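**Student:** need the 3D shape of this:
(2 chains)
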Amino acid sequence: MKTSRLGAWIAIAFGSIYFLLPLIATIEFSLRMRRGTYSFDAYASVFSDAQFRETFGYSMLMALLTIIFGMLLVVPTAYWVRLRLPQIRPVVEFITLLPLVIPAIVIVFGYLRMYNSSSILPLTGSTSGTNVLLVLSYMTLSLPYMYRAVDTAMRAIDVRTLTEAAESLGASWTTIMFKCIFPNVMSGVLSGAFITLAIVMGEFTMAALLNRPAFGPYLQLVGANRAYEPSALAVIAFSITWLSMGLLNLASRFHRAAPAKS
Amino acid sequence: MAFLELANLKKSFGATQVVHDFNMQIEKGEFISFLGPSGCGKTTVLRMIAGFETPSAGRIAIGGKEQNNLKPNKRNIGMVFQAYALFPNMTVHDNVAFGLKVAGEQATEIDQRVKEMLGLIKLDHLADRYPYQLSGGQQQRVALARALAVRPQVLLLDEPLSALDAKIRVSLREEIRAIQQKLGITTVFVTHDQEEALSISDRIVVMNAGRADQIGTPFEIYNTPATRFVASFVGTLNMIEAKVVDPAVNRIQIGDQGVTLKQSVAAFKAGDTVSLALRPEAGSLAESAPCDTKLTGQVVSAHFLGSVIRTRMNVGGNVISFDMFNSPGVTPPQAGETVTLRFMAADLLVIRD
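**Tutor:** Okay, the predicted model is just below:
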């Protein structure tokens, strides 16, 4: 008993060192820009860089659009599969898992072939078209997480009976969706949204190959040309991810405090 | 013309037909119960009335207006589900107000109607609570108020009491009946609990394998079951196999004992086997009991059930149960003892399969 406990503690200590040491080293390094003393100079340099603000703002906007359109795609799909087409559920689950097994570079090359300026739908022919394509590709990347989060939240409520109750009270399809279903799967939607935010903020391949000014390519650019700023950016990126995870945790706690099942 | 009319209703799921030629005429303000075991098609008929299932054939009409092609949200039907189905994100007030808001009623009218409905179910003090803060019985009362708030043409109750404990079930069914009578709303109630159906219905439809075996008042269903299924499903019943001796005078034989029935057996030939039914409470061992028929047999067992003693006796291979009221002066018969059961011949019913 004692030996196994000791083994567990050793594993935890090893894991903590493995994960935390590089992080502490990065934070420490990011504070050493000024010679001989710790300072936030690297962070000041990053925040004063117009390109940082531009790329960060751009990626935040892309993340927001991805979340909104992802939700509008995933929630009705998960709802419809649960309510009317449970037999195709394995197929839908398989499709939503595809972005995990197909590398992003393969997907983006596929997009470039399908939607280049000489195709029927020349999305890459204009800036706005490419932005649309980028949002769509982010939606694809976040699909496995978004679908699972929403589907799990839907499992917690009796979708069929709630729908029938609302229908018998005269509600239309849109009223049912926005008044009865969406609010009750909000914890799942929020979980999916925060994961999507974290994915979009750090994504490099899609944005770089579609030549859009996103935060991922900026991180790579700064990393290749500067010394201390990349560490500061890495810490900022970590902070965004942790903030997302914290909010995700908060959302699931809120969900537990007000159980959806009546 | 009946208010709610179900004509030649059929429903199939793939190759399986679950409702066969269902016909029913329900008057305005009537309380009808669909009674039957699981899988008999009672809920399917209810869901067809609500519009959640499309009939394979037949006609559904309310107030003379055909409903078959109307979507559920256009039928103006209130429904209460077994699983309550309250919207978890809304308070009691908002749940009751939901249908009224969808109908686009004025805020003041909505508030007034919600108050009225919550007063009706005596839960006005819980208007700000969420469904998860209510007990099962309270949730079901809110679901009832929500269904009634929109002034539906017909109220459908799909086993609304099944998820509740026994005590709440009895009080809530009485409350449902009182509210239904007060509002005079046409109601269809689905249940597998015979006691529930017998206690609150104007008429009962006993369903078996997708067909209505018998439609009648609780009194008719209990006292004159039309089929063997109805007889066995509603209440406890003794099924007795007898031989027809003389169909002209309704003379039959149970074991080696002759009995003259009040019901006709003219459709049978001498020597045919006929199924008879006798309620346990129809017989008595007391010599003073009013009777015109007697059967003698041997006691198989006697069980003390509190207020009654249920005795089983063997008469010519048929085991017949009968109940005696318990009192300090009554001595339960012993197994193996020969006893005489006295009853009225009118209580011995001829049952068709």
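**Student:** my guess is A:T161 meets B:F87, correct?
**Tutor:** No: using CB atoms under 8 Å, A:T161 is not in contact with B:F87, being 10.7 Å away. Quick note: C-beta positions are derived from backbone N, CA and C, even for glycine.
**Student:** same drill for these two, tell me which one is more crowded.
**Tutor:** Neighbour count, other CB atoms under 10 Å in any protein chain shown: between A:T161 and B:F87, B:F87 has more, with 24 against 18.
**Student:** residue contacts, the nearest residue in space to B:D165 that is not next to it in sequence?
**Tutor:** Leaving aside its chain neighbours, B:D165 sits nearest to B:G136 (7.8 Å; criterion: CB to CB, 6 or more residues apart in numbering or on different chains). Going by CB atoms under 8 Å, 6 or more residues apart in numbering or on different chains, B:G136 touches B:Y84, B:A163, B:L164, B:D165, B:I168.
**Student:** among those, which one has the most neighbours?
**Tutor:** Among the contacts of B:G136, the one with the most neighbours (other CB under 10 Å) is B:Y84, at 25 neighbours.
**Student:** and the gap between that residue and A:C180?
**Tutor:** B:Y84 sits at a distance of 14 Å from A:C180 (criterion: CB to CB, to the nearest Å).
**Student:** for the longest helix seen in chain A, buried residues please.
**Tutor:** The helix spanning the most residues in chain A, taking DSSP state H as the definition, is helix A:50-83. By neighbour count with 16 or more other CB atoms under 10 Å in any protein chain shown, helix A:50-83 contains the buried residues A:52, A:55-56, A:58-59, A:62-63, A:65-67, A:70-71, A:74-75, A:77-79, A:81-83.
**Student:** that one: how far from the chain's middle?
**Tutor:** 8 Å (CA atoms, centre = their mean, to the nearest Å).
**Student:** do it and chain B meet at all?
**Tutor:** No: Helix A:50-83 stays clear of chain B (CB under 8 Å from any CB of the partner chain), getting no nearer than 11.3 Å.
**Student:** low-confidence ranges in chain A?
**Tutor:** For chain A, the stretches with pLDDT under 70 are A:1-2, A:252-262.
**Student:** show me where the stretch 151-300 of chain B has strands.
**Tutor:** B:154-158, B:186-191, B:203-208, B:211-216, B:238-246, B:251-254, B:257-260, B:273-278, B:293-304 (DSSP state E, counting those that start in this stretch).
**Student:** hang on, the earlier thing: between the contacts of B:G136, which is closest to chain A?
**Tutor:** Nearest to chain A among the contacts of B:G136, counting by CB to the nearest CB, is B:Y84 at 5.5 Å.
**Student:** ok, and the closest non-adjacent residue to the closest one?
**Tutor:** B:Q139 (4.3 Å).
**Student:** A helix includes the one you found, no?
**Tutor:** Yes: per DSSP: H, G, I helix; E, B strand; the rest coil, B:Q139 lies within a helix segment.
**Student:** list the helices and strands the host helix or strand of A:V222 packs on?
**Tutor:** A:V222 is part of helix A:215-225 when elements are defined by DSSP states H and E. Packing partners of helix A:215-225 (3 or more CB pairs under 8 Å, 6 or more residues apart in numbering or on different chains; DSSP states H and E): helix A:50-83, helix A:186-202, helix A:205-209, helix A:229-257.
**Student:** where in chain B is pLDDT low?
**Tutor:** Along chain B, segments meeting pLDDT under 70 span B:353.
**Student:** what does it have sitting close to chain A?
**Tutor:** Near chain A, when you scan chain B using CB under 8 Å from any CB, you find B:50-52, B:71-79, B:81, B:83-89, B:98-99, B:102-103, B:130-132, B:139, B:143, B:146-147, B:150, B:156.
**Student:** show the buried residues in the residues you listed.
**Tutor:** Buried members of those, scored by 16+ other CB under 10 Å, are B:50-52, B:72-73, B:75-79, B:81, B:83-89, B:98-99, B:102-103, B:130-131, B:139, B:143, B:146-147, B:150, B:156.
**Student:** what residue lies at the spatial centre of chain A?
**Tutor:** A:T196 (1.4 Å; CA atoms, centre = their mean).
**Student:** hmm, I was thinking of chain B
**Tutor:** Centre-nearest of chain B using CA atoms, centre = their mean is B:A197, 3.2 Å out.
**Student:** follow-up on the earlier one: for the closest residue to the residue nearest to the centre of chain A other than its chain neighbours, what is the enclosing helix or strand?
**Tutor:** Nearest non-adjacent residue to A:T196, counting by CB to CB, 6+ apart: A:S142, 4.1 Å away. Following DSSP H and E, one finds A:S142 within helix A:127-155.
**Student:** could I have the CA atoms of the helix or strand following that helix written out in CSV?
**Tutor:** Using DSSP H and E, the helix or strand that directly follows helix A:127-155 along the chain is helix A:159-168. Output of helix A:159-168 as CSV, limited to C-alpha atoms (Å, rounded to 0.1, in the frame of the first residue of the first chain):
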residue,chain,number,x,y,z
VAL,A,159,-34.7,16.4,-26.1
ARG,A,160,-37.6,14.5,-27.6
THR,A,161,-40.1,15.1,-24.8
LEU,A,162,-39.1,18.8,-24.4
THR,A,163,-39.6,19.3,-28.2
GLU,A,164,-43.0,17.6,-28.1
ALA,A,165,-44.1,19.6,-25.0
ALA,A,166,-43.1,22.8,-26.8
GLU,A,167,-44.8,21.7,-30.0
SER,A,168,-48.0,20.9,-28.2
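**Student:** show residues contacting helix A:159-168.
**Tutor:** A:79, A:82-83, A:175-176, A:179-181, A:184, B:50-52, B:71-73, B:75, B:77-79, B:81, B:83, B:85-87, B:98, B:143, B:146-147, B:156.
**Student:** before we move on, the earlier item: among the buried ones among the residues of chain B next to chain A, which lie within strands?
**Tutor:** Among these, the residues falling in strands (DSSP state E) are B:I77, B:G78, B:M79, B:L156.
**Student:** and the residues you listed as a markdown table, adding distance to B:L118?
**Tutor:** Putting these into a markdown table (distance: CB to CB, whole Å) gives the following:
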| residue | distance to B:L118 |
| --- | --- |
| B:I77 | 21 |
| B:G78 | 16 |
| B:M79 | 19 |
| B:L156 | 21 |
